[in-house]
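Asker: Need coordinates for the below:
(chains A and B)
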Amino acid sequence: MACLAARLDAQQTITGRVTDNGSGRPLSGVRVAIDDLQSSDTTRAEGTYRLIVPQGRASVTLRLTKIGFAPVRRRVTIPASRSLSENFELERRALGLDAIVVTGSAGATQLREVGHSIAEIRPSSLSEPVVSVDHLLSAKVPGLMVIPSTGMIGSGAKIRLRGSASVALSNQPLVYVDGVRMRSDGYPKNAPFNDRSRGPNDNSSPLNDINPADIDRVEVVRGPAATTLYGTEAAAGVIQIFTKRGGEGRAVWTTQIDAGESEVQEFGTKEHPYLRLGPWLRKANRAGYALSVGGGGDLRYHIATNLQRNEGVLPNDLEKRVSVRGNFDVSPASNLKLSWSSAVAIDNLKNTPSGPNGQGLLQNVYRGPANATGIDTKESLDRILAWDISTNINHAIGGLTAVWTPRPSMSHTLTLGYDRAESEMRSLRPYGFVFAPQGILSNERWLATTSTADYLGRWRLEFGRNATTIAWGFQSIGTDISSVAGYGEGFAGPSAPTLSSASSTLASETRTKAVIAGGFTQATYDWRNRLFLTGGLRVDGSSSFGSDFGLQRFPRFSASYVISDENFWPAALGTLRLRAAYGEAGRAPRVFDADRTWIQAGYDGKPAYLPSSIGNAKLGPERSAETELGFDLSRSDERLRAQLTWYRRNTHGALLPVGQPPSLGFLNPQLTNVGSIRTGGLELALNASFGRAGGLTADAGLDLALNRTKVLSLGGSPAFVLTEVAWIREGDPAPVLIGVKLKNPAEIAAAVLEQSHVFGPNMPTRIIGAHSELGVWGGVRLGARVEYQGGNYLFDNASGSLFRQGVHPLCTDAYANKAAGKPELLNAWERVWCNASTVPPDGPIVRGDFVRLRDVSVTIPLRGSLMRSRNASVTMAARNYLLWKNSELKVWDPEMGGRDGMDSPVRFIEFGVPTAAAISIAVRATYW
Amino acid sequence: MKSFGLGALLIATITSCDLGVSNPGPVNDGALDDAAANDAIVNGMGRALSRAVGYISYTGGIIDKEIVASGSNNVSIFGVSLKQRAGLLDPGLDETNDHWRFAQQARWVSEDGVRRMRETLGANFSKSPLAAQALVHAGFSERLLGENMCVAVIDGGAAEPRNAYFSRAEAAFTEAIAVANAAGNTTLERAARAGRASVRVWLNDWTGAAADARLVPTVFVYQAVYSSLEQAQYNRVYWANGNQPARAHSVVGTFYESYYTSTKDPRTPWSINPAFPRGTSGNVLWYFQTKFDKTSSPVNLVSAREMKLIIAESLLRSGDWPGALTEINAIRASVGVPPWAATNVAETWTALGRERGIELWLEGRRLGDLYRWQTGKVPGVFDDMTGRDMCFPVGVSETTTNPNL
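Answerer: Numbers count the residues shown, from 1 in each chain, chains lettered A, B, ... in the order given. Sure, this is the predicted structure:
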């Protein structure tokens, strides 16, 4: 202890404050680093920072970086008092090549060194208040697509980076929070294990357990060219979330109160604007309370809590959510920094039985006279609401990162983390329930844990103006998923039952563990701080590989050339960086996929074996190799910035579910590395700042993402159906929709049908996003964000069901004409779809193009005295209020889906409720 | 360099770590090569057979007019496709595929189990009641395929005439009789003998069929077992009408609707529910069968009454139509319904056809009978199957994966 005290006494400190040179406001989130000491701090809300300098260093160079501001480098001398106060003003600049990025690189790296494309989202730079991580990611980054499923409470979105990466495996990207792997696949549906359609038919997302107010920034890398260092599981991309950390100084308190209301916009016909669902829809209220505090001395802290009560638009939907975060940083020695990050979220959900569920509310309401209760009245259908569906989610994530810098040129970073996502799903159809008079109860306890051990070493060797950085590391990711479920039916009476009350019960237990471990090495050659050449190799092993498979190797190469730093480059042309990257990554098969297995099942209460998987000893991960070429261009004043990236990804040994001859006994398809799929596209991000004129500022941006997939080979396997009309076929997108096409829809004549018409891709191939922000007098800011998606087709399975039942509101006139004996008045469209007995099973398939106004907001700063605070603002916002959809999609919402979960490469329109439009008001204040 | 060495040490540690993970649940194939696994192997055969019988009974009943559809045409929820309603079986439809898949799995599981048990039991196989049970499952699985599938495919091989199934079934039943005898298991011996009688009908061995049938006692019945423990083990014909919420098929308009109304024959019962007068399609009256009245209702695989009908058909084929009619009407008397009247061979064939339909109603046997009589060009009037399929095609799950097809 005496030694430690002596060492602390010997330390020198640099403190100061960083402000915006335009507004004079303090800037938080500025990284202040000492160039050669691997020592850094991040400014807190009041803009302050504190750095410790080892004894003996009389002067150091400070480097300040923050996305959106020009970097500053300043040499300072430390006085004899060993304490220096140094303030900075940063100038706004939207893109800086000296910005620090982490994801996809071997540790914190200047953007100029990185050959792959990387995108960053900062909630503090957004106009609109962010309500969830799904919302934060939506329409912000070209190539990042957030696909909502339904408007139910607790509904999580699919996230796709550059489209779907796999036909058979999860397409959710990997998600890291402060360096710790978090589960990114959805929570299971709340439904009995023996009948998965009997519930809300939607999945919650662990991402939404993160309080968006806790997020400092998000880095997104979109494909194998960038994700090689993450190895076997990273082909679908990586999203890394960095949460806020406390800055040194007195405590800064931030409070936010928000309230809002959401409602479903019309999605039906004139007569049935909500397709019969209107009487069950409500205006749903939302309220949230957030409090955070950050500060500290040697021990810095950021502690935050958030309470939310969210009603859903469906009658039984209600969410109560509590989250708490505690982030702590301490430097026990000048060359050692410890960071602890932890968060807990508790989410209690009540849901309405929905989706394609014969006992659910939505399917029966939409079916009107053909509903399964047999009586088409609200009273009869309200009986379904007796079904009590409750889900209790507990999600905890914690991690410790230690950075040891034994010498300025070398660092070691060790991260240990643990993610624990738990859900209790209880579903009670009570005694007297309309479809199960004696009652049914199911309860499932599901737990997924992910353990992270990650070591990274870096060593920088300088040779004059050139340098080489060598990095090496290893990662071990262990996942353990278990579920214990019970099912009981037949209760003696209407009192509240437990599973033990049932006259017959069933139980289920599943447990799967998997371990992936690997190491990597990488070297970057730095030529005069303008040309960077990187080569690296990752080697992985996995418990889910086949016994004959062994280790996997994933190479990467990249180059980044800041050509505008050359003397010959005319300054008038601004800054230009050229980049190129090639990398490989994989997607690991699941536990048991390699083994020839049988399942243990019952046969009238006796044990029985049944064949499960035929097995494949040569099973390995699918490997994706991606090439990226692009440039970053900005005018010298940074007011016009462009990033363009072209990419091509070839997936070899794609894992495809290859069917087995049933006469050989095993009915499940066997995952086999046989396919070859190519994905290509272009991503463009344009941002412009129109400067300040007469107190006005204006910023605007345009994002464009083009993405196409093509199945090059199925390795001799025949084309196969993923679900209904979604096929995997050689020469077509993956998946492609194939079904019946009506060639003369408007004609008053017999229908001309083309069977097995190849419509096109199921996932959008063109996404355009536009956003703008206008600053007016008094610091008032107006923002808007709009998005177009298109180039794809959707299977309207919900309409297909209503057509087959003869109850589709689109056919009201046709049904009447037929009943009146005037079938000759029907046009071809009506003759196909309004004749229940002949409705084709493989339709309708419609274009998916739409434009949606995602966000509109206005933020008004409040005088500090009004709230007795230093900073305060009120923000009013509206989400999803306007939708323009193509004429083929006559009803529903193009973003409805949800049946197949988050992993699926397919999106269909299913019975559900569209994402609601919402208005909100939030008041935010900061105190210190 | 000390630091670099530490990193190297860590890499070495991780790369040498054991990636072998033991997961409970699924069982590796090798674990079944153990005599201790035989009970569960044989039970698995039973479960697979029951499932296959359930699927074929349900859809086959639509095709051959034992029931009609009154629910959805979405085949994934007990619905009946438009083609199936028209009597057509599409090899590409999932539901049709499942018939092929489940029936083939039942056959393969049984025969693979018999193979394993020969190895694990050694000399004891020939006197093991478990072995006899496995052979009986194998025989009935082969018979199910033979009576319903258009062609035979064995273990990924080439297509063969469907009689290949019956030949394998006869061999399995013959060995089962011997093993059951040696094991002293009378029930299995009778089940195998009755099963062999029913497949010898298809092999045109009427002498052998009648001889076996006569050795089966008059009250014997052997059934496929179902269970209320989980939906996957439910009696599918019952559950498709369980009103939870499917009300997927109805007796309305079939022969059995009016027949039961007039005779109250306990073998073809049906009922109505005033609270749900129509099926879930909304346009078909819901007259639901009650032969299977709970999720665990068993389905006959063979019975003494079927044996009598085999004897009757044997007599009829030999020209003894009065003797055949006597056998048929003895059955009817035993269940308390009036006798059929017939004055010649053709009318007796009509009566036999109708009686087998009643006796074997919704047991997955009718489609094969109609096919057998139609291709055998026997006299008599049977259900009109004009334009309707008379057997299940090879599923696309087989045609697209089996290189020998």
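
Asker: Helices along the stretch 101-250 of chain B, start to end?
Answerer: Ranges of helices within the stretch 101-250 of chain B are B:129-148, B:163-183, B:186-202, B:206-214, B:236-239, based on DSSP state H, counting those that start in this stretch.

Asker: right, and those - which one's nearest residue A:15?
Answerer: Distances from residue A:15 to each of those were compared using CB to CB; the minimum, 74.0 Å, belongs to helix B:236-239. Using the backbone N, CA and C atoms, a C-beta is placed for each residue, glycine as well.

Asker: Show me what that closest one is packed up against.
Answerer: Counting contacts by 3 or more CB pairs under 8 Å, 6 or more residues apart in numbering or on different chains; DSSP states H and E, helix B:236-239 is packed against helix B:38-63.

Asker: Can you check what angle separates the helix it packs on from helix B:129-148?
Answerer: For the pair helix B:38-63 and helix B:129-148, the angle between their directions (axes from the mean of the first three to the mean of the last three CA atoms, to 10 degrees) equals 20 degrees.

Asker: on that earlier part again, just put the helices of the stretch 101-250 of chain B in JSON lines and tack on mean neighbour count.
Answerer: Rendered in JSON lines, the data for these read as follows (neighbours: other CB atoms under 10 Å in any protein chain shown):
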{"stretch": "helix B:129-148", "mean neighbour count": "28"}
{"stretch": "helix B:163-183", "mean neighbour count": "22"}
{"stretch": "helix B:186-202", "mean neighbour count": "24"}
{"stretch": "helix B:206-214", "mean neighbour count": "19"}
{"stretch": "helix B:236-239", "mean neighbour count": "24"}
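
Asker: Turn these into TSV, including distance to residue B:289 and mean pLDDT.
Answerer: As requested, these are exported to TSV (distance: least, CB to CB, whole Å; pLDDT from 0 to 100):
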stretch	distance to residue B:289	mean pLDDT
helix B:129-148	20	98
helix B:163-183	28	98
helix B:186-202	23	98
helix B:206-214	27	98
helix B:236-239	7	94
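
Asker: mind putting those in a markdown table, distance to residue A:421 included?
Answerer: Below are the helices of the stretch 101-250 of chain B laid out as a markdown table (distance: least, CB to CB, whole Å):
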| stretch | distance to residue A:421 |
| --- | --- |
| helix B:129-148 | 43 |
| helix B:163-183 | 50 |
| helix B:186-202 | 51 |
| helix B:206-214 | 61 |
| helix B:236-239 | 35 |
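
Asker: Which one of those helices lies nearest to residue B:57?
Answerer: Comparison of the helices of the stretch 101-250 of chain B against residue B:57 by CB to CB identifies helix B:236-239 as nearest, at 5.5 Å.

Asker: Output the below-cut-off pLDDT ranges for chain B.
Answerer: Counting by pLDDT under 70, chain B contains low-confidence residues at B:1-22, B:73-77, B:93-95.

Asker: re the thing from before, closest to residue A:12 out of the helices of the stretch 101-250 of chain B?
Answerer: For residue A:12, the closest of the helices of the stretch 101-250 of chain B is helix B:236-239, at 78.8 Å, according to CB to CB.

Asker: ok, and what's touching the closest one?
Answerer: Contacting residues not belonging to helix B:236-239 are listed as B:51, B:54-55, B:57-58, B:61, B:78, B:231, B:246, B:289, B:292-295, B:297, B:299, B:362 [CB atoms under 8 Å, 6 or more residues apart in numbering or on different chains].

Asker: residue contacts, residue A:59?
Answerer: For residue A:59, the contacting residues are A:75, A:76, A:77, A:78, taking CB under 8 Å, 6+ apart as the criterion.

Asker: Next: residue A:756.
Answerer: So residue A:756 contacts A:738, A:739, A:740, A:842 (CB under 8 Å, 6+ apart).

Asker: Tell me if it really is in a strand.
Answerer: Yes - Residue A:756 forms part of a strand when assessed by DSSP: H, G, I helix; E, B strand; the rest coil.

Asker: Residue of the stretch 151-300 of chain B nearest chain A, please.
Answerer: Residue nearest to chain A within the stretch 151-300 of chain B: residue B:245 (3.5 Å; CB to the nearest CB).

Asker: Now that residue. Nearest residue, chain neighbours left out?
Answerer: Ranked by CB to CB, 6 or more residues apart in numbering or on different chains and with sequence neighbours excluded, the top spatial neighbour of residue B:245 is residue A:372, at 3.5 Å.

Asker: Over to residue A:743?
Answerer: residue A:752 (4.3 Å).

Asker: Compute the number of surrounding residues for that neighbour.
Answerer: 13 (other CB atoms under 10 Å in any protein chain shown).

Asker: Residue A:823 too?
Answerer: Residues within reach of residue A:823, counting by other CB under 10 Å, total 14.

Asker: Backbone dihedrals for it, both of them.
Answerer: Backbone dihedrals for residue A:823, given as degrees, to the nearest 10, come out at phi -70, psi -20.

Asker: nearest to chain B, of the contacts of residue A:756?
Answerer: For these, the nearest to chain B is residue A:842 (10.7 Å; CB to the nearest CB).

Asker: which one of the contacts of residue A:756 is nearest residue B:331?
Answerer: If you rank these by distance to residue B:331 using CB to CB, residue A:842 comes first, at 46.9 Å.

Asker: Can you say which helix or strand has the closest one in it?
Answerer: Remark: residue A:842 resides in no helix or strand, with elements defined by DSSP states H and E.

Asker: Let's verify whatever residue of the stretch 101-250 of chain A ends up closest to chain B: helix, strand, or coil?
Answerer: Residue nearest to chain B within the stretch 101-250 of chain A (CB to the nearest CB): residue A:194, separated by 5.3 Å. When classified by three-state DSSP, residue A:194 comes out as coil.

Asker: Residue A:750 now?
Answerer: coil.

Asker: tally of neighbours for it?
Answerer: By other CB under 10 Å, the residues close to residue A:750 number 11.
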